[in-house]
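**Q** Everything below, folded, please.
(2 chains)
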Amino acid sequence: MEFFTSLGNLLLTRSDFFIELMVQHLLLSFTAIIIITVVGITTGILIAKSPKAASVVIGLTNVLYTIPSIAMFGFFVSITGIGNTTAIIALVIYGLLPVIRNTYVGLTEVDSQIMEAAVGMGSTPWQLLSKIQFPLALPVIIAGIRNMVVMTIALAGIASFIGAGGLGVAIWRGITTNFDEMTVAGSLLVALLAFIADGILGMIEKRLLRRTK
Amino acid sequence: MIQFRDVSQQYEAGKPIIQNLSLNIEAGEFVVLIGPSGCGKTTLLKMMNGLIAPNSGEIIIKGKTIKDWDPIVLKRNIGYVIQQVGLFPHLSIEKNMAYPLDLQKTAAAQKQERARELIHLVGLDESYLKKYPNELSGGQKQRVGMARALAADPEIILMDEPLGAVDQINRAVLQDEIIRIYQSLHKTIVFVTHDIEEAIKLGTKIVVLNQGEIMEIGTRDDIVFHSKSDFAEAFIGNKGFLSYLNIVKIKQVICPFNGSAAEKDITLAVNEADPLIVGIRRCLENGVNKIGVRNANGTLIGAFDLGCLSRLKF
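**A** Predicted structure coming up:
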């Protein structure tokens, strides 16, 4: 009980510090999320046309996904140095898999009869993709993005180990100075951000599902 | 309108789908392609809008060989209906029907107006425009599928077993609807089916296919009574004849009265709009050779005579 009171006190008295860290955390995550979304969806669309390329690309992202995050961060420090750039690169590499895979699966699993009807009526490849295939794949793609957003926000907490900002700073400081309240406060706020982002995306997903089922 | 000259198609060597096939479809014909599974009827249909390109031979659509058509423009000039309907689940019925217009960047107001025309044309009311495909029954979906094929007002409409997944009762209703649309819009329709009754009922020209070759081609009279190939004879056979009796109207075989009592018995009389089979049954039930025929107003206008039937020239 005493722990929670001092945790509350810490959050209140150091609110400026925590708000600044949260903003840094969101900026770091969102930069990565936007890059992942753009690159991931584009890659997914491109490989959906060729099953061979798809197995290579998805296989490769699968392998990258299995590398432990600390190792990944450490590896990129030796190339791009410490700081936000390295953190974003590592976050992007981790986040790509769910987005590429879900875009690919969503696009390739659209009912072939629906595709044939659209082609038979004279859709150009771009019209087929933009008017039929992509909208129908959207719920699956959004599910992948949701997965990726939560993961990226959580993983950004580790980024301060390599000198990036964000709530990881609070967690790291708490651990090194044996200040438990600080560690817990940082962790709780990371969880809160992930939770809110997941809730918002869940709502979007639900609205989309209503139409396409 | 559509010509095939010596067209062949095979997916793997030695297994021809279509063999040296030639076919001529005139404007305004309702051509039914019929045959057992794997006979090549769907392949033949998909060649007409360029979904499948032949290995050899020439296909001419509206006077231009298919190689000279822009494949996208060709498809936009031809309506296309498929068995599973293929409505787009994420679009409202209105947007579904207007899709072919949407592809050509038609103005929104025009699309809306066309959607309203189309929904009436296929016998649904405007409340359906805002619904989504998952709210419709199988028969209603198929009506929307037909409306969509008609949206851009194409001269040619291809239908690939459009009623294959519809139940018996709705199928008969939709067949009548297709006949009505065909007669009012004067389109050229090519229709694939494996249902003999459907073929006899709908086609002004029926093409019987087997193993990629045309076995028989002709009107329903030709196909049912003057079959020249053993295959068509066996394939169409008595089922075709029965369908014929179910479809040809008594109106077409009315004889003059010649004074028997049964002819004048209004309780025995059949309607001129009834099919032949109703008249034959009525005669057999009552043990007579002749019965009266009445028109829509109920007045006797002639006789239905079993003896007269044999003198009909088919």
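**Q** CA only for contacts and neighbour counts going forward, please
**A** OK.
**Q** what about the strands in the stretch 201-314 of chain B?
**A** Secondary structure of the stretch 201-314 of chain B (DSSP state E, counting those that start in this stretch): strands located at B:205-210, B:213-218, B:270-271, B:290-294, B:300-305.
**Q** okay, the ones you listed, which one's buried deepest?
**A** Most buried of these by mean neighbour count (mean count of other CA atoms under 10 Å in any protein chain shown) is strand B:290-294; its value is a mean of 27.
**Q** what's that strand in contact with?
**A** Residues outside strand B:290-294 that contact it (CA atoms under 8 Å, 6 or more residues apart in numbering or on different chains) are B:254, B:260, B:262-266, B:268-272, B:279, B:283, B:300-306.
**Q** got it, and stretch B:245-260?
**A** So stretch B:245-260 is in contact with B:200-201, B:263, B:271-277, B:279, B:290, B:293, B:302-305, B:308-309, B:312, going by CA under 8 Å, 6+ apart.
**Q** 7 Å instead?
**A** With contacts defined as CA atoms under 7 Å, 6 or more residues apart in numbering or on different chains, stretch B:245-260 is touched by B:201, B:272-277, B:302-305, B:308.
**Q** One more: stretch B:262-275?
**A** With CA under 7 Å, 6+ apart as the test, stretch B:262-275 has contacts from B:245-251, B:279, B:290-295, B:303.
**Q** If we use 8 Å, what do you get?
**A** When contacts are defined by CA under 8 Å, 6+ apart, stretch B:262-275 is touched by residues B:245-251, B:257, B:278-279, B:282, B:288, B:290-296, B:298, B:300, B:303.
**Q** Show the end-to-end separation of that stretch, please.
**A** 19 Å (CA to CA, to the nearest Å).
**Q** quick one: least confident of the contacts of stretch B:245-260?
**A** Within the contacts of stretch B:245-260, pLDDT reaches its minimum at B:Cys308, with 77.
**Q** Which neighbouring residues are in contact with that residue, exactly?
**A** Shown in contact with B:Cys308 (CA under 8 Å, 6+ apart): B:253, B:255.
**Q** hang on, the earlier thing: and the strands of the stretch 201-314 of chain B as CSV, adding distance to A:Gly83?
**A** Shown next, in CSV, are those (distance: least, CA to CA, whole Å):
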stretch, distance to A:Gly83
strand B:205-210, 72
strand B:213-218, 72
strand B:270-271, 91
strand B:290-294, 95
strand B:300-305, 98
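**Q** just so I know, which of those lies nearest B:Lys67?
**A** Ranking the strands of the stretch 201-314 of chain B by proximity to B:Lys67 (CA to CA) places strand B:213-218 first, at 23.0 Å.
**Q** Next, the angle strand B:205-210 makes with that closest one.
**A** Note on geometry: by axes from the mean of the first three to the mean of the last three CA atoms, to 10 degrees, strand B:213-218 and strand B:205-210 are set 160 degrees apart in direction.
**Q** counting contacts, what elements does strand B:213-218 pack onto?
**A** When contacts are defined as 3 or more CA pairs under 8 Å, 6 or more residues apart in numbering or on different chains; DSSP states H and E, strand B:213-218 packs onto strand B:15-25, strand B:205-210, helix B:230-247.
**Q** contacting residues for the residue nearest to A:Leu21 when sequence neighbours are not counted?
**A** Nearest residue to A:Leu21, sequence neighbours excluded (CA to CA, 6 or more residues apart in numbering or on different chains): A:Gly166, at 4.7 Å. Contacts for A:Gly166 (CA under 8 Å, 6+ apart) come out as A:21-26, A:28, A:156-157, A:159-160.
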